[in-house]
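In: what follows is a predicted protein model with its sequence.
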Amino acid sequence: MTDGPGPANIPPRPPRTARQRIAFVLIAGALAIVGTLAAGYYFAMRPVTLRIAVGPPNSDDLKLVQTLAQAFNNQQHSQVKLRPVPTDGAPASAQTLADGKADLAIIRGDLEVPKNAQAVATLRKNVVVMWVPPAAKGRGRKAAKITKIAQLAGHKIGVVGRTQANVNLLKMILLQYGVDPMKVDIVQFPANEAVEAIRNQKADAYLAAGPANSKITIDAITASSHDGGEPTFLAIDASEAIAQNHPAYEAAEIPAGSLGSAERPDDELKTISFSHHIVARRSLSDSTVAAFTRQLFSIRQSLKNEFPLAAKIETPDTDKDATIPVHPGAAAFVDGEEKTFLDRYSDYIWWSLMAFSAMGSAGAWFAGYLKQDERNTNTSQRDRLLEMLRTARHSDSTDELDQMQAEADDILRDTLVCFEHGAIEQGTLTAFNIALEQFHNAVADRKALLISMPQNLQRTATQFRAAGTA
């Protein structure tokens, strides 16, 4: 004895109708489209980590990039994050970018620019400062007599910094003034050793290249001052000619009193300048570069207290004849033509919807094609039902009518299965029900007529008597 209905008493679960299945498929398809779009939006808007090559170690450039990386990481809704890649200097940074080991790099504009590099921003402008220290006591006045670059032949010139680029820069300036670089003695002093070397009078004249307010340059010039004397600054008055012959350089002026004291220099000093650029790989997407440029210029002012040079970051030159071609993403930001998410991906969204629509139409056609045989079978069964309807009205045998009724039941079952499979529509089912009802009425009427006939009445009575005797 068991409690409650047994498994046999559980009513069967009704099958889903065709409309329910279609609704389920449509909802599933809509959810799939929404999920696809949501996933596309997530992957399109998730932060991108860019590798930026910068050097040398312990330089202001590296410190600034590290600060930028931290600020980017702490910024809400940041689309770009930075990962510094330390190098030995600007030439090494350029090579790192050329080798594809970095996405961004800080390079010198007067050096060879990688072919795959495009400008994103001007990090800073550097000026060239050349000076002669005052003569020390106990030494001749030879150094003090140098007042022009053309007088440097036969003298020792100290270059502040380890990079060969500054040596090449000095040679270019000497050639502009007709001084053979082979007739001067060039010696380099690392930045951290320059002050001590200058105090010890290791050279007759010096060259430094860096920002106008560079601490390294100012400390070097200050170290040149001794015994109450001030250094003599050498003007590069051929700066415009140099700029014309070498597009990487520009004619510039150093304002009076901007190199450590009111007397340094005592008047505007003509010189040349060159830039340090932030460049990106040409293959980097426009949207990523535009996002980086936007974040860079939105955050630079907040860093000026810690790094005054950050406020000097400028937009790149967008002219077609610029020395370093601007990246299209940076140009879009500068020109105010940066594309929104819909602008960038509207075509993809449109074509995706069209593709889903086409796939849905193709799927519906294929599903209809697969059900064609089932529809053809049902059509033939409906024709058979109509044929049995005509036969039933003239039948002389109740056995034949019973057989046709059983066949009609089978046709009904098959028709309902076709409807559940979606092979036939509601209108077709309604028409079939009308034909089936007419068939049942015809069978019932024919049976009643046959039973009312005399021979059939006598046969029926005999059957009843036989049944009673048994």
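Out: Ah, there it is.
In: from here on, contacts and neighbour counts on C-alpha atoms
Out: Will do.
In: quick check: next helix or strand after whichever helix or strand residue 399 is part of?
Out: For residue 399, the host element (DSSP states H and E) is helix 398-420. Moving toward the C-terminus from helix 398-420, the next helix or strand (DSSP H and E) is helix 426-452.
In: so that following helix versus helix 398-420, what angle?
Out: 170 degrees (axes from the mean of the first three to the mean of the last three C-alpha atoms, to 10 degrees).
In: list the helices and strands the host helix or strand of residue 385 packs on?
Out: Taking DSSP H and E as the criterion, residue 385 maps to helix 372-392. Judged by 3 or more C-alpha pairs under 8 Å, 6 or more residues apart in numbering; DSSP states H and E, the packing partners of helix 372-392 are helix 398-420, helix 426-452.
In: quick one: average pLDDT of the longest one?
Out: Going back to what we said before, that points to helix 426-452. What helix 426-452 shows for mean pLDDT is 83.
In: do the first one as well
Out: Mean per-residue pLDDT for helix 398-420: 84.
In: other SSEs contacting it?
Out: Other helices and strands packing on helix 398-420, by 3+ C-alpha pairs under 8 Å, 6+ apart, are helix 372-392, helix 426-452.
In: list the buried residues in the shortest one.
Out: What it means is helix 372-392. 374, 375, 378, 379, 381, 382, 385, 386, 388, 389, 391, 392 (16 or more other C-alpha atoms under 10 Å).
In: quick one: contacts of it?
Out: 401, 404, 408, 411, 414-415, 418, 423-424, 432, 435-436, 438-439, 442-443, 446 (C-alpha atoms under 8 Å, 6 or more residues apart in numbering).
In: pLDDT of it, averaged?
Out: Taken as a whole, helix 372-392 has an average pLDDT of 80.
In: between helix 426-452 and it, find me the angle.
Out: Using the same axes, to 10 degrees, helix 372-392 lies at 30 degrees relative to helix 426-452.
In: may I have helix 372-392 exported as CSV, CA atoms only?
Out: Written as CSV, here are the backbone C-alpha positions of helix 372-392 (Å, rounded to 0.1, in the frame of the first residue of the first chain):
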residue,chain,number,x,y,z
GLN,A,372,8.3,20.0,-46.2
ASP,A,373,8.0,16.2,-46.3
GLU,A,374,5.8,16.3,-43.2
ARG,A,375,3.5,18.9,-44.7
ASN,A,376,3.3,16.9,-47.9
THR,A,377,2.3,13.8,-45.9
ASN,A,378,-0.3,15.7,-44.0
THR,A,379,-1.8,17.1,-47.2
SER,A,380,-2.1,13.6,-48.7
GLN,A,381,-3.7,12.5,-45.4
ARG,A,382,-6.2,15.4,-45.6
ASP,A,383,-7.0,14.4,-49.2
ARG,A,384,-7.5,10.8,-47.9
LEU,A,385,-9.9,12.0,-45.2
LEU,A,386,-12.0,13.9,-47.9
GLU,A,387,-12.0,10.7,-50.0
MET,A,388,-13.2,8.7,-47.0
LEU,A,389,-15.9,11.3,-46.5
ARG,A,390,-17.3,10.6,-49.9
THR,A,391,-16.9,6.8,-49.5
ALA,A,392,-18.7,6.8,-46.1
